[in-house]
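> based on what follows, work out the 3D shape:
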Amino acid sequence: MKRTVLCVIILLFSTRFTMAQNDNKPVLNHIAVYVHNLQNSSDFYRNIIGLDTIPEPFKDGKHTWFTMGQAGQLHLISGAPERMEQIKDRHLCFSVPSIEVFINNLEKNKIPFTNWKGDSKLPTVRPDGVKQIYFQDPDGYWIEINNDKQ
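Residues are numbered from 1 along each chain as shown. Predicted coordinates:
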C-alpha cells in the first residue's frame, strides 16, 4: 500500500512538474511583413490567399492585420521603399483543403505559380504525399500553398 501511494505521489508530482514546465512554452503570436504598397498587399492577402482582416489597434493607415486561425496573425506594415528580391527558401506557407481549387483561383486571377524547382505548374509532391506550389506576393515574398492536413 505504501509503495502504491508513493508511486501515485511521484506520478502526480512528475506530471505537475512537466505541466508547469510546458505552461511557459511560447506560441506564435504574429508574423510581420514589411510591404511597399499596403493597399495592393492587403487586397492580395484578402482576395488571393483568402485571409480575413481583424481590427488593428494603430488605426494609422499603415497596418493591416489578418487572422491565421490558431497559427496567430499576419501583420502587413507599410513603409518598404520598394519591392525587394526574395529567395524561395524564405517563405510563408498556408495549407488548404484542395490545392486544385486554390490553383484555379490563381489562374482566374492571373497569378503565376510554379513547383519548387520552378520548371512546371504541376505541384511538387513531397515524400509524405503533400502537394505544394509557390508564387510571390506583390512585394516579392514567396508563398507556399500545400494540402497538408495536419
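> check the gap between Thr114 and Pro123 for me.
Separation of Thr114 from Pro123 (C-beta to C-beta, to the nearest Å): 10 Å. All C-beta atoms are positioned from the backbone trio N, CA, C, and that covers glycine.
> who touches both of the two?
Common contacts of Thr114 and Pro123 (C-beta atoms under 8 Å, 6 or more residues apart in numbering): Ile133.
> neighbour count: these two, which is higher?
Neighbours were counted for Thr114 and for Pro123 using other C-beta atoms under 10 Å; Pro123 has more, 21 against 17.
> gap between that one and Thr53?
For Pro123, the distance to Thr53 - C-beta to C-beta - is 28 Å.
> could you chop the chain up by domain?
Split into domains by automatic domain parsing, the chain comes to 24-82, 83-150.
> next secondary structure after the one helix or strand Ile133 maps to?
Applying DSSP states H and E as the criterion places Ile133 in strand 131-136. Toward the C-terminus, strand 131-136 is succeeded by strand 142-146 as the next helix or strand (DSSP H and E).
> could you say what helices and strands that following strand packs with?
Using 3 or more C-beta pairs under 8 Å, 6 or more residues apart in numbering; DSSP states H and E, the elements in contact with strand 142-146 are strand 91-95, helix 99-108, strand 131-136.
> direction included, what does that strand pair up with?
Using DSSP bridges, the strands paired with strand 142-146 are strand 91-95 (parallel), strand 131-136 (antiparallel).
> between the last one and helix 99-108, how many degrees?
Calculated by axes from the mean of the first three to the mean of the last three C-alpha atoms, to 10 degrees, strand 131-136 forms an angle of 30 degrees with helix 99-108.
> just the C-alphas of strand 131-136, formatted as PDB.
The C-alpha trace of strand 131-136 is given here as PDB (Å, rounded to 0.1, in the frame of the first residue of the first chain):
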ATOM      1  CA  LYS A 131       1.400  18.700 -52.800                       C
ATOM      2  CA  GLN A 132       2.800  22.200 -52.800                       C
ATOM      3  CA  ILE A 133       3.100  25.200 -55.200                       C
ATOM      4  CA  TYR A 134       4.900  28.500 -54.900                       C
ATOM      5  CA  PHE A 135       4.200  32.100 -56.000                       C
ATOM      6  CA  GLN A 136       5.100  35.600 -55.000                       C
END
